[in-house]
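J.: model this:
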Amino acid sequence: MRHILIHKKISTSIMLPLLFILMIIDYPLTYYGMYVLRTIEEANPLMLKFMEMPFYKGFLIRVLYSLFFISLLKYVEQYKYPVVYRKILFVPLSIQIIPYTAHAMWIFNYMVS
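T.: Below is the predicted model:
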């Protein structure tokens, strides 16, 4: 039992901060690509108005949004078995692959051209 508890803490203590960092870094990368390099457009229609804000306002809102989301996930942890909880965390981590794949593509294309 103790081994399971230790394993749970290690994996979630890595997964939650990683998810937070990925959520935060996405905003400046997108903003930079849109407004500094002018090489990309926001593909998510829900984020269009958000990306039109000045950087500092949008970034602050993104940090608060991310903290709220991570806090909800942390709250859910106490009600789920460790294996189930890690599977729950795997979903948003997997979703973060989408924007980072797009970022890698436009950064590569920008550097090549």
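J.: please make it C-alpha for all contacts and neighbour counts, starting now.
T.: Noted.
J.: is Val91 in a helix, a strand, or coil?
T.: Following DSSP: H, G, I helix; E, B strand; the rest coil, Val91 is assigned to helix.
J.: tell me how many other residues crowd it.
T.: 10 (other Cα atoms under 10 Å).
J.: which stretches of this protein aren't confidently modelled?
T.: 1-10 (pLDDT under 70).
J.: would you map the helices across it?
T.: 2-31, 48-51, 55-77, 82-95, 97-112 (DSSP state H).
J.: tell me which residues in stretch 55-64 are buried?
T.: Of all the residues in stretch 55-64, those buried under the rule 16 or more other Cα atoms under 10 Å are Phe55, Gly58, Phe59, Arg62, Val63.
J.: pull the contacting residues for the nearest residue to the last one once chain neighbours are set aside.
T.: Just to be clear, that refers to Val63. Leaving aside its sequence neighbours, Val63 sits nearest to Ile24 (Cα to Cα, 6 or more residues apart in numbering; 6.3 Å). When the contact criterion is Cα atoms under 8 Å, 6 or more residues apart in numbering, the partners of Ile24 are Phe59, Arg62, Val63, Ser66.
J.: contacts only, for the residue positioned nearest the centre of the chain.
T.: For the chain, the residue nearest the mean C-alpha position is Met23 (2.2 Å; Cα atoms, centre = their mean). Residues near Met23 by Cα under 8 Å, 6+ apart: Arg62, Ser66, Gln96.
J.: need the residues that contact stretch 47-55.
T.: Under Cα under 8 Å, 6+ apart, the answer for stretch 47-55 is Tyr31, Glu42, Gly58.
J.: reformat the residues you listed as TSV; add distance to Ile70.
T.: Converted to TSV, the contacts of stretch 47-55 look like this (distance: Cα to Cα, whole Å):
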residue	distance to Ile70
Tyr31	22
Glu42	23
Gly58	18
